[in-house]
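> Let me see the structure of the following:
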Amino acid sequence: MKKITKALLQNKNRTVPILTFPSAQLLGIRVKELIGSAEMQAKGMEAIYKRCPIGAALNMMDLSVEAEAFGAKIRIYEDEIPAVESGIIDDICDAEDIAVPQIGAGRTAIYIDGIRKAKERITDIPVFCGVIGPYSLAGRLFDMTELMMECYDSPDEVKILLEKCSEFIIAYIKAYREAGADGVVMAEPAAGLLSPALAEEFSTCYVQKIIEAVNSPDFVFCYHNCGSAASDMMGAFATLDADIFHFGNVVDIEKACRSLPKDKVIMGNVDPVLFRTGTPETVAGDTKRAYNLCNQYENFIISTGCDVPAASSWENIDAYFSKVTELYA
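Numbering: from 1, shown residues only. Next comes the predicted model:
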């Protein structure tokens, strides 16, 4: 187990939620300003670091950045996370013609520089970057529903697309690492929509290649999946050399703790929607649920199941941290 993950397990009261976009509220800016400025991203990470007892700082979990670099059309909102409006190919046979972009295309340079600036401000806890997974990126470049069908009808062409996605993700993670990132959180939610067999063929084997390409003793790899079928994929996940597995609220988190290697950190799975729609009491209650399910496992750490919505109540966010502090007291 790496030094960073050991430290996280030794300080479970310093939880690591996927808490990024609500920093816009702390800075008094719009989300649109946050995603367009490395300085604002670093300030946002610093604001959360100063306010919240976190074990690691995360940059924006924006799953539109990589697709935008490839040329996908992105919809930008004032106060919501950007979304991919349309991909870059209409036929999977066109995957051969896709050019892998250079690092720096789109907003990738902004996000990399945000990590560099954050490392100057946050020096006593790890700073993690965020990227999308290969299958999830492929779905944004093509079409998510069509991609699932083509896994059966045109598997060779799908794999061409996945190879190109993986090539870019590897280069992107390496650029983050060179900027000072201590680890990466890879979000591969679309793979959680596949059957276990398809997920192994079209997702986890590519994730493993990425892990092997970026792995180092002082760089942590966190694999995130919040897909509805992820509970049935623990066998495939166990083959990944990730240091941390992070799961969403629809995933059987106790099964994950029971099934995955004991030298891997398991994180999750407080419902992130409650931070926006719930109350301090419901957030605290769901935090206690996750604790009661998995606290018997020494390698488990409470976290949010996915990214906390940008418009979440800070009263609810504070209730989460208060409950974690109480539970691990």
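
> just the strands in the protein please.
57-58, 73-75, 83-86, 127-132, 183-187, 220-225, 244-247, 265-270, 300-304 (DSSP state E).

> Tell me which of those lies nearest to Ala67.
Evaluated over those, closeness to Ala67 peaks at strand 83-86, with 4.9 Å, by CB to CB. Placement of C-beta: from N, CA and C, glycine included.

> and the closest one, which strands flank it?
strand 73-75 (antiparallel) (DSSP bridges).

> Please work out the average pLDDT along the partner strand.
Strand 73-75 shows a mean pLDDT of 95.

> can I get the strands of the chain in JSON lines with distance to Arg51 and mean neighbour count?
Output for those, formatted as JSON lines (distance: least, CB to CB, whole Å; neighbours: other CB atoms under 10 Å):
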{"stretch": "strand 57-58", "distance to Arg51": "12", "mean neighbour count": "25"}
{"stretch": "strand 73-75", "distance to Arg51": "29", "mean neighbour count": "14"}
{"stretch": "strand 83-86", "distance to Arg51": "28", "mean neighbour count": "15"}
{"stretch": "strand 127-132", "distance to Arg51": "16", "mean neighbour count": "26"}
{"stretch": "strand 183-187", "distance to Arg51": "20", "mean neighbour count": "24"}
{"stretch": "strand 220-225", "distance to Arg51": "22", "mean neighbour count": "26"}
{"stretch": "strand 244-247", "distance to Arg51": "22", "mean neighbour count": "27"}
{"stretch": "strand 265-270", "distance to Arg51": "18", "mean neighbour count": "26"}
{"stretch": "strand 300-304", "distance to Arg51": "16", "mean neighbour count": "26"}
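
> ok, Thr282 - contacts?
Leu274 (CB atoms under 8 Å, 6 or more residues apart in numbering).

> wait, Thr274 sits on Ile317?
In this structure residue 274 is Leu, not Thr. No: the criterion here is CB atoms under 8 Å, and Leu274 misses it with Ile317 at 10.5 Å.

> could I get the strands of the chain as a markdown table with distance to Ile210?
Formatted as a markdown table, the strands of the chain follow (distance: least, CB to CB, whole Å):
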| stretch | distance to Ile210 |
| --- | --- |
| strand 57-58 | 18 |
| strand 73-75 | 23 |
| strand 83-86 | 20 |
| strand 127-132 | 9 |
| strand 183-187 | 7 |
| strand 220-225 | 8 |
| strand 244-247 | 15 |
| strand 265-270 | 19 |
| strand 300-304 | 22 |
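
> nearest to Ala24, of those strands?
strand 57-58 (14.4 Å).

> what's the offset of that closest one from the middle of its chain?
On the basis of CA atoms, centre = their mean, to the nearest Å, strand 57-58 sits 11 Å off its chain's mean C-alpha point.
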